[in-house]
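[1] here is my input; please provide its structure:
(one chain, ligands or ions: 2)
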Amino acid sequence: MTLRQAQGRQEVFNDSPSPLLQLTFIGKQFGGLSALSDVSLHIRRGEIYGLIGPNGAGKTTLFNVITGLYQPSAGEFQFNATRYQTAKPHVLARAGIARTFQNIRLFANLTALENVMIGCHVRTNAGVFGALLRNLNTRVEERAITERARELLRYVGIEKPAQTLAKHLSYGEQRRLEIARALATDPLLLALDEPAAGMNATETESLKVLLQAIRSSGITVLLIEHDVKLIMGLCDRVAVLDYGRKIAEGVPDEVRNDSAVIAAYLGQETPSSSPHNKVRQSVSSQGLDGIDTGGGRGVPGGSAATLTHGGGND
Ligand SMILES: Nc1ncnc2c1ncn2[C@@H]1O[C@H](COP(=O)(O)OP(=O)(O)O)[C@@H](O)[C@H]1O
Ligand SMILES: [Mg+2]
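    Ligands and ions are numbered 1, 2, ... in the order given. Now for the predicted structure:
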């Protein structure tokens, strides 16, 4: 899809009243653990929607459900007016959901170009196996794909040669390469799991510009991120998960000062009885901006022993 096509698509989005993604009472159990409980939310076409919450809150699990890696234990979701309870990843990819991973998943020994071309194959007739057999039709298709993949590398701002092995790209470039590969599937919804993790301030700022450009091109963005400044400066609306439940949702200003959200990040049920009461009061006066949401529960910055419930699996 060219950017012009994407812009045309955005006009269609703006005329359409139905949300792009609607989750209805989604639950996900792992044995006795409820990773998600009764999560309902909707994402409008064309918006940047943020998903935050302490480590182990269920954010990545939610991504895994909507991309078909996990089957929900309860509930259903609708994407682009189609209902899903259980669906395979390739079905949801073709329907228009693309994602990146919390821990970068690239083919380290393939080139940057090849990594993006793999994403393009979601939309080709030949598919990956056809491409390997390389008959005449697939060769024509391959040329178009190569051109598109080069265009996407430029679009996400990877300046090294397209033939550079993925493993030889910098960390920030690898994150961008994952975004390019996701864009290559021609998505309606781009779901990014902590794309700024490990980036410095300059890289994060240029990521922000890229995400704004992606949204302007007509693609809806769902963003999990610990960088509060990035989330609050970028998202139209934000939802907060805690212990698998949605505890708040709203525009950034509403969410950043929500007492339940602040308490969740500080791991406190009852502020008056907590040993961290002093910390809580100082953070409350700054709202969520005073909290490093990348940490676990307990104290801002997550440096001390925390009540984190779970790991960073994806
Ligand atoms: N495949 C799995 N098997 C067992 N437990 C899991 C699995 N995936 C996630 N969990 C658990 O579900 C909870 C939510 O995890 P996750 O979605 O990774 O949280 P977040 O991304 O918000 O940090 C955690 O307690 C985690 O250990
Ligand atoms: Mg996660």
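[2] residue 145 is in contact with residue 119, isn't it?
    No. Assessed by CB atoms under 8 Å, residue 145 is found out of contact with residue 119, at 9.5 Å. C-beta coordinates here come from the backbone N, C-alpha and C atoms, glycine included.
[3] which stretch of helix or strand covers the residue nearest to residue 225 when sequence neighbours are not counted?
    Nearest residue to residue 225, sequence neighbours excluded (CB to CB, 6 or more residues apart in numbering): residue 231, at 5.0 Å. Element membership for residue 231 (DSSP states H and E) is helix 228-234.
[4] sec struct for the residue in the stretch 1-150 of the chain that ligand 2 sits nearest to, please.
    Residue nearest to ligand 2 within the stretch 1-150 of the chain (CB to the ion): residue 60, separated by 3.2 Å. With DSSP: H, G, I helix; E, B strand; the rest coil as the basis, the three-state label of residue 60 is helix.
[5] also the one 5 residues further on?
    When the structure is reduced to helix, strand and coil (three-state DSSP), residue 65 reads as helix.
[6] what's the answer for the one 10 residues further on, then?
    Secondary structure of residue 75, reduced to three states by three-state DSSP: strand.
[7] can you report how many residues neighbour it?
    By other CB atoms under 10 Å, the residues close to residue 75 number 18.
[8] please apply the same query to residue 221.
    Neighbour tally, residue 221, other CB under 10 Å: 23.
[9] how close does it sit to residue 246?
    In this view, residue 221 and residue 246 are 19 Å apart by CB to CB, to the nearest Å.
[10] ligand 2 contacts on the stretch 101-250 of the chain?
    residue 102 (CB under 5 Å from the ion).
[11] now do 8 Å
    When proximity is defined as CB under 8 Å from the ion, the stretch 101-250 of the chain approaches ligand 2 at 102, 193, 194, 224.
[12] looking at those, which is nearest ligand 2?
    Distances from ligand 2 to those, taken as CB to the ion, are shortest for residue 102 (4.7 Å).
[13] near ligand 1, which residues of the stretch 101-250 of the chain?
    In this structure, the stretch 101-250 of the chain does not approach ligand 1 anywhere, judged by CB under 6 Å from any ligand atom.
[14] and the closest residue to ligand 1 within the stretch 151-300 of the chain, what does it touch?
    The stretch 151-300 of the chain approaches ligand 1 most closely through residue 241 (6.4 Å), counting by CB to the nearest ligand atom. By CB atoms under 8 Å, 6 or more residues apart in numbering, the residues touching residue 241 are 36, 39, 51, 52, 53, 57, 58, 59, 62, 247.
[15] so what's the nearest residue to it once chain neighbours are set aside up against?
    Counting by CB to CB, 6+ apart, residue 53 is the residue found nearest to residue 241 once chain neighbours are left out, at 3.7 Å. When contacts are counted by CB under 8 Å, 6+ apart, residue 53 touches 59, 240, 241, 242, 264.
[16] relative to ligand 2, how far out is the fourth one?
    With the distance defined as CB to the ion, to the nearest Å, residue 242 ends up 14 Å from ligand 2.
[17] that residue: neighbouring residues, count only.
    22.
[18] ok, now how distant is it from residue 62?
    When residue 242 is compared with residue 62 (using CB to CB), they lie 13 Å apart.
[19] same question, the third one
    Separation of residue 241 from residue 62 (CB to CB): 7 Å.
[20] overlap of the contact sets of those two?
    36, 39, 51.
[21] show me the two of the contacts of residue 241 that sit farthest apart.
    36 and 52 (15.0 Å; CB to CB).
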